[in-house]
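**Student:** fold the following, please.
(chains A and B)
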Amino acid sequence: MSESEPAIRARGLTKKFGDLVAVNDMDLTVARRQVYGFLGPNGSGKSTSIRMLCGLLTPTEGDIEVLGLKIPDEADALRKRIGYMTQHFSLFTDLTVRENLEFLAAIQNLSRRDTTARVDELLEEYHFSDRADQLAETMSGGQKQRLALAGAVIHKPELLFLDEPTSAVDPESRRDFWEKLFELADAGTTLLVSSHYMDEAERCHRLAILDRGVLVADDSPADLTGSLRGRTLEVRTDHPRRAKEILLGVSGVISAAQIGNSLRVLLEKVDDNTARINEAFEREGLSAEAEPTEPSLEDVFVAVTYREEEQS
Amino acid sequence: MNSRRLLAVVVKEVRQLRRDRITLAMIIGIPIMQLILFGYAINLNLRHLPAAIADEAGTSGSRQVVMDMLATGIIEPVVDATSAQQLMAMLRRGEISVGVVIPRDFERRMEQGSEAVQVLVDGSDTVVQSAAAQLAQMPLVHVPGVPRNSSVPLPETPIRVVSFYNPQRVSAINIVPGLIGIILTMTMVMFTAVAIVRERERGNMELLIATPVSSAELMIGKVLPYGLIGLVQTSLILLLGMLLFDVPIRGSVLDVYWAGVLLILANLSMGLLISTRAQSQFQAMQMTFFVFLPSILLSGFMFPFDGMPHIAQWIAEVLPLTHFLRLIRGVMLRGAGLLELWPDVLALVVFIFLMMTFAILRFRKRLD
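**Tutor:** Okay, here's the model as predicted:
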């Protein structure tokens, strides 16, 4: 297995729970040393996909290769080389910070001597030096999440799975947390992070968007937004709700979302819609003006999930 | 199996246990509470006690006495015996509960009006004792072939009951050894079942199964501390039993602990199996009661095994507590060695092996 090999390669990945198709025919390639994002609403199959990639769930169909290992057959070998941070805090709340880290170090096969050194190093690095003997249950959401990350990287894994790591954390902790993630990526770790926050998705090197179990987009954030150029408009008006009604009556408009006193409009394709929309406003006697604007990830998200709706 | 990882699981478990005040209180509180609660005797009439009869006289008169005794339905001969010594050995091994000796000079004794028949009773079970007392009430009025000497009155108590092992019929002496089994069954099954299900409920398990720690390391590491707790509880009951009720340990103390270890392992492995099925801590508790209730009712702790219908006896044979009770009563009260009681030892070993195998097979390092 060479370094240029992707960290994760999945083909036709499918998981059914009874009649429910949680993940449907997903193809996925994650290059090494990347922060790869999984963006999607709750129930879109992010957690199920991650669990299959770690070997915790057996896929109904499809082939998975992670770090050159066949999953789920070689999941035991994989466990030594990956870190997994669960969606909910899964360390022991009735153990102290140090006890949690010591336990994880031991079950990750670190020797006694290495454990002491590594735990001290992590306590320092993750700002727990003065809280080493505090019980995990008494810590804040941000602290718990930092501890969980320290625990997930204790054995310096090559690949780190993070399932909605920041869902219970304040914005400042989220920013610090992402700093840590990029430090890890710089040090050579591959990270797969799921999230439903657009601003987090924007930070990823590459991004997959999931909608009801289907991978609907997979590219760098810049390319994803770039592909929408010309299809996003901003409408400034004093009567945004009225303007929205008019907009949704114009053919070719996929969505119109109110943001304060303006509306963000997504068009089906690039054409002369701007003129038609302004005409519609004039006809209805509403003082409003539509202007082209830079597409955002949110627009991408709406655009790709909208197409899904059309098909189904 | 990696000893470093196994030890890590044990240390983690002990640390968590140390902070869990309610569980700690239960470990000490339950034995003390039950020892006091069960300090009452439970008595019932019963029939079909396994018995052996040594008819040393072998006369038509003695045969008549034997027939009369069998007609009461209280005893049922299960083995043949020819001497009182044999009967005592059988009692000791727990093969019979009652032994009847009709001495060689039975006819002469009857003529003289002295005690003519001896009933040897396993006094380690008070219910058996009282049943045997009923036998003693049996009148030996008409014995054919014995010339009635009208000048000698019939003895008032022609049958003498000799109770072995618990002559004063102190009920605590029977209760305390059994109580070790009851408490170990109650706490061990529940603690292990809940301990593993709790990790699944709190989400710890999802993290653990994504690490190199193996199923066996996790399971054994989790139950070892509870096994030690079981031994502490055993010691506590033994000590309190001796201090409060003068309960004797007639066999070897080491055998008592070996019997304890067998029951602890049996219950821990059953707890593990429950934990692989239960979805929540509440479910684990419910399943524990499915095991605990039959154990307490059918094992012979509350009601004597021999008095139960066959179907109940079959169920009881599957429960580890039944076998433990036979072992612990044999060792503590009758002074028997574990080797003499090997069938029950074997039953427990087989039980542990089966439960542990099922538990480890069922525990998958997968979420589905």
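
**Student:** phi, psi of A:Leu266?
**Tutor:** phi -110, psi 130 (degrees, to the nearest 10).

**Student:** that one: how many residues sit nearby?
**Tutor:** Neighbours of A:Leu266 under the rule other CB atoms under 10 Å in any protein chain shown: 20. For every residue, glycine as well, the C-beta is placed using N, CA and C.

**Student:** and what of B:Asp80?
**Tutor:** 10.

**Student:** same question for B:Gly123.
**Tutor:** Neighbourhood size, B:Gly123 [other CB under 10 Å]: 25.

**Student:** and it, how far from A:Ser262?
**Tutor:** 95 Å (CB to CB, to the nearest Å).

**Student:** go on, B:Leu361?
**Tutor:** Distance, B:Leu361 to A:Ser262, using CB to CB: 62 Å.

**Student:** show me which of those two is the more surrounded one.
**Tutor:** Neighbour tally, B:Leu361 and A:Ser262, criterion other CB under 10 Å: the higher count belongs to A:Ser262, 17 against 11.

**Student:** for that one, grab phi and psi.
**Tutor:** Dihedral angles for A:Ser262 - degrees, to the nearest 10 - are phi -130, psi 170.

**Student:** show me what contacts it?
**Tutor:** By CB atoms under 8 Å, 6 or more residues apart in numbering or on different chains, the residues touching A:Ser262 are A:Glu234, A:Val235, A:Arg236, A:Thr237, A:Pro240.

**Student:** redo that, cut-off 7 Å
**Tutor:** A:Glu234, A:Val235, A:Arg236, A:Pro240 (CB atoms under 7 Å, 6 or more residues apart in numbering or on different chains).

**Student:** how about the closest residue to the second one other than its chain neighbours, what does it touch?
**Tutor:** Leaving aside its chain neighbours, A:Val235 sits nearest to A:Leu263 (4.2 Å; criterion: CB to CB, 6 or more residues apart in numbering or on different chains). The contact partners of A:Leu263, taken as CB under 7 Å, 6+ apart, are A:Val235, A:Pro240, A:Ala243, A:Lys244, A:Leu247, A:Ala256, A:Ala257.

**Student:** check what pLDDT the second one gets.
**Tutor:** So that's A:Pro240. Per-residue confidence at A:Pro240 stands at 87 (pLDDT).

**Student:** for chain B, see how far away it is.
**Tutor:** Noted for A:Pro240: a distance of 43 Å to chain B, by CB to the nearest CB, to the nearest Å.

**Student:** run a quick neighbour tally on that residue.
**Tutor:** 19.

**Student:** residues contacting it?
**Tutor:** Taking CB under 7 Å, 6+ apart, one finds A:Gln258, A:Asn261, A:Ser262, A:Leu263 in contact with A:Pro240.

**Student:** mind listing what's buried along the host helix or strand of the first one?
**Tutor:** Spelled out, it's A:Gln258. According to DSSP states H and E, A:Gln258 maps onto strand A:253-259. Across strand A:253-259, burial judged by 16 or more other CB atoms under 10 Å in any protein chain shown covers A:Val253, A:Ile254, A:Ser255, A:Ala256.

**Student:** ok, and what's touching that strand?
**Tutor:** Strand A:253-259 is touched from outside by A:240, A:244, A:247-248, A:263-268, A:302-303, A:306, with contacts defined as CB under 7 Å, 6+ apart.

**Student:** just the buried members of those?
**Tutor:** A:Pro240, A:Lys244, A:Leu247, A:Leu263, A:Arg264, A:Val265, A:Leu266, A:Leu267, A:Val302, A:Ala303.

**Student:** ok, the fifth one to A:Ala152 distance?
**Tutor:** In this view, A:Arg264 and A:Ala152 are 37 Å apart by CB to CB.

**Student:** cool, the second one as well?
**Tutor:** A:Lys244 is 44 Å from A:Ala152, where distance means CB to CB.

**Student:** likewise for the last one?
**Tutor:** Separation of A:Ala303 from A:Ala152 (CB to CB): 34 Å.

**Student:** B:Glu13 against B:Met219, yeah?
**Tutor:** No. In this structure B:Glu13 lies outside contact range of B:Met219 using CB atoms under 7 Å: 11.3 Å.

**Student:** surely the residue nearest to A:Val235 is within a helix?
**Tutor:** No. If the criterion is DSSP: H, G, I helix; E, B strand; the rest coil, then A:Leu263 is strand and not within a helix.

**Student:** let me see the confidence value for it.
**Tutor:** 90.

**Student:** now do A:Leu13
**Tutor:** Looking at A:Leu13, the pLDDT reads 94.

**Student:** partner strands of the helix or strand harbouring it and their direction?
**Tutor:** Assigned by DSSP H and E, A:Leu13 belongs to strand A:8-17. Next to strand A:8-17 in the sheet, as set by DSSP bridges, lie strand A:20-30 (antiparallel), strand A:61-66 (antiparallel).

**Student:** residue boundaries of the strands in the stretch 201-312 of chain A?
**Tutor:** Remark: strands assigned in the stretch 201-312 of chain A by DSSP state E, counting those that start in this stretch are A:206-211, A:214-219, A:232-237, A:253-259, A:262-267, A:288-292.

**Student:** got a markdown table for the ones you listed, with distance to A:Phe182 too?
**Tutor:** A markdown table is the format used below for these (distance: least, CB to CB, whole Å):
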| stretch | distance to A:Phe182 |
| --- | --- |
| strand A:206-211 | 14 |
| strand A:214-219 | 20 |
| strand A:232-237 | 28 |
| strand A:253-259 | 29 |
| strand A:262-267 | 29 |
| strand A:288-292 | 32 |
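
**Student:** to B:Ala210, which of these lies closest?
**Tutor:** Among those, strand A:206-211 comes nearest to B:Ala210, with 20.9 Å by CB to CB.

**Student:** ok and the residue in the stretch 51-200 of chain B nearest chain A?
**Tutor:** Using CB to the nearest CB, the single residue of the stretch 51-200 of chain B nearest to chain A is B:Glu199, 8.6 Å away.

**Student:** B:Met26: neighbour count?
**Tutor:** By other CB under 10 Å, the residues close to B:Met26 number 17.

**Student:** for the stretch 1-150 of chain A, which segments count as strands?
**Tutor:** Secondary structure of the stretch 1-150 of chain A (DSSP E, counting those that start in this stretch): strands at A:8-17, A:20-30, A:35-39, A:61-66, A:69-71, A:82-85.

**Student:** which one of those strands lies nearest to A:Ile277?
**Tutor:** strand A:35-39 (28.6 Å).

**Student:** can you list the strands that that closest one pairs with?
**Tutor:** When sheet partners are counted by DSSP bridges, strand A:35-39 sits next to strand A:190-195 (parallel), strand A:206-211 (parallel).

**Student:** got a list of contacts for it?
**Tutor:** With contacts defined as CB under 7 Å, 6+ apart, strand A:35-39 is touched by A:30, A:46, A:49, A:181-182, A:185, A:191-196, A:201, A:204-210, A:301.

**Student:** list buried residues within these.
**Tutor:** For the contacts of strand A:35-39, buried by 16+ other CB under 10 Å: A:30, A:46, A:49, A:181, A:185, A:191-196, A:201, A:204-210, A:301.
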